[in-house]
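> What follows is a predicted protein model with its sequence.
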Amino acid sequence: MAKEASFDIVSELNKEEVKNGVQIALKELKNRFDFKGSSFDITTEGNQLVVTAEDDYKIEQVKEVLFSKLIKRGVPLKNIQFSASEHALGGNARQKADLVSGIDKESAKKLTTAIKNSKIKVKAQIQEDQLRVAEKNRDDLQKVIALVKNIDLPIDLQFTNYR
């Protein structure tokens with residue numbers, strides 16, 4: 001009897017790469033001419049990223065530089081979800097972002113229903129913050145991967161433990 005093949009659908013964010021991207025972005029911003037004499041900062045606080053600058057325009061410029069550095073380091077930008085900017089005393093603006101790691105229940109249910117509706121004969125089960133897909137036929141697993149890549153979700157997905 002053939003052994004069952006499986007893979008996991010996960011959404012991971014490497015926090016070390018985020019920290020490295022933040023450090024490189026800060027280094028570049030300190031040397032930029034348009035940021036001379038202005039106050040700005042990017043910090044990580046647990047599962048949050050905090051960007052502060054003098055106004056919303058500067059925050060957007062800081063985020064552009066940060067995003068370019070994070071993309072080069074392989075960090076999925078879909079997993080960084082910014083909230084609305086807040087204005088503090090002294091005229092500074094601050095914007096927080098959640099660093100999302102793991103598939104939330106709503107997205108996992110959306111994935112499992114899409115897999116079941118596709119009529120591909122696989123078993124998909126939710127395991128905490130990831131999804132396990134199993135089947136004897138590896139071709140069906142490849143079809144599921146192609147299907148999941150076309151589903152629009154607010155998070156980035158990776159496929160791991162393919163065996």
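Sure thing, it's come through. Numbering: from 1, shown residues only.
> How about residues contacting the lowest-mean-pLDDT helix or strand in the chain?
Among the helices and strands of the chain, strand 86-87 carries the lowest confidence by mean pLDDT, DSSP states H and E, at a mean of 89. Contact with strand 86-87 is made by 93-96, as judged by Cβ atoms under 8 Å, 6 or more residues apart in numbering. In this view, the C-beta of every residue, glycine as well, is placed from N, C-alpha and C.
> Excluding chain neighbours, what is closest to Glu28?
Val65 (5.9 Å; Cβ to Cβ, 6 or more residues apart in numbering).
> gap between whichever strand or helix holds that neighbour and the chain center?
Val65 is part of helix 56-72, with elements assigned from DSSP states H and E. Offset of helix 56-72 from its chain centre (Cα atoms, centre = their mean, to the nearest Å): 15 Å.
> partners of the helix or strand immediately after that helix in the chain, with directions?
Counting by DSSP H and E, the next helix or strand C-terminal to helix 56-72 is strand 80-82. Each strand paired with strand 80-82, and its direction, by DSSP bridges: strand 93-99 (antiparallel).
> quick check: angle from the partner strand to helix 56-72?
Orientation check (axes from the mean of the first three to the mean of the last three Cα atoms, to 10 degrees): strand 93-99 against helix 56-72 gives 30 degrees.
> Could you list the buried residues of strand 93-99?
93, 95-97, 99 (16 or more other Cβ atoms under 10 Å).
> Buried residues of the helix holding Val65, list them for me.
Under 16+ other Cβ under 10 Å, the buried positions of helix 56-72 are 58-59, 61-63, 65-66, 69-70.
> picking up where we left off before, what's the most distant pair in the contacts of strand 86-87?
Farthest pair in these (Cβ to Cβ) is Ala93 and Lys96. Separation: 11.3 Å.
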